[in-house]
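J.: Okay, here's the prediction I keep looking at, along with the sequence it came from:
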Amino acid sequence: QVQLVESGGGLVQAGGSLRLSCAPSGRSFSGYAMAWFRQVPGKERELVARVSWSGNSTYYADSVKGRFTISRDSAKYPVYLQMNSLRPEDTAVYYCAVGGGISLNWRIWSHWGQGTQVTVSS
């Protein structure tokens with residue numbers, strides 16, 4: 001069953017903004033760091049941003065630094081990914097995940113949402 005639920009994807013023009021959110025459904029993930037990954041066809045799933053359980057520690061891929069912000073209220077859900085200054089190369093399916101600690105490797109993360117499509121038109 002779905003354990004994480006994402007929302008907020010859609011179609012936006014280059015330079016625009018979107019906010020994604022992710023929250024548990026059906027079970028608690030208390031104490032978990034959360035990450036956002038993205039994937040395009042034919043490529044590996046890549047980590048975009050990660051936030052600690054407390055919300056005090058974050059990590060960003062170089063490709064999104066200064067444009068994306070991951071956030072959560074202290075030790076709470078949902079987790080948000082604010083995406084500004086979007087570019088066509090940001091087009092992907094975006095997934096939230098928990099259970100991977102600080103790993104950058106998507107294979108380590110144990111629980112996933114169903115994914116939400118983000119499309120940025122030029």
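T.: Here it is on my side, so go on. Numbering: from 1, shown residues only.
J.: From E89, how far off is the closest residue to S25 other than its chain neighbours?
T.: In space, S25 comes closest to V5 once its chain neighbours are excluded; the distance is 4.7 Å by C-beta to C-beta, 6 or more residues apart in numbering. Where you see a C-beta, it was placed from the backbone N, CA and C, and this is true even at glycine. Per C-beta to C-beta, to the nearest Å, V5 is found 26 Å from E89.
J.: Let me know how buried the residue nearest to S25 is, in neighbour terms.
T.: When neighbours are counted by other C-beta atoms under 10 Å, V5 registers 16.
J.: now what about the helix or strand harbouring it, what contacts it?
T.: Using DSSP states H and E, V5 sits in strand 4-7. Strand 4-7 is contacted from outside by 20-25, 29, 94-98, 111-116, using C-beta atoms under 8 Å, 6 or more residues apart in numbering.
J.: sorry, back to before: beta partners for the residue nearest to S25?
T.: Residues in a beta bridge with V5, per DSSP bridges, are A23.
J.: ditto for F68
T.: The partner residues for F68, given DSSP bridges, come to M83.
J.: Surely it is in contact with A49?
T.: Yes - contact criterion C-beta atoms under 8 Å: F68 and A49 qualify, at 5.8 Å.
J.: shared neighbours of the two, anything?
T.: Counting by C-beta under 8 Å, 6+ apart, the common neighbours of F68 and A49 are Y60, L81.
J.: and these two? which has more neighbours close in?
T.: Neighbour totals were compared for F68 and A49, and A49 leads with 23 against 20 (other C-beta under 10 Å).
J.: And what about the more buried one, helix, strand or coil?
T.: Secondary structure state of A49, per DSSP: H, G, I helix; E, B strand; the rest coil, is strand.
J.: give the contact list for it.
T.: So A49 contacts A35, W36, T58, Y59, Y60, A61, V64, F68, T69, I70, L81 (C-beta under 8 Å, 6+ apart).
J.: repeat that for 10 Å
T.: Listed by C-beta atoms under 10 Å, 6 or more residues apart in numbering, the contact set of A49 reads 34-38, 58-61, 64-65, 68-71, 79, 81-83.
J.: what about S54, neighbour count?
T.: S54: 11 neighbours (other C-beta under 10 Å).
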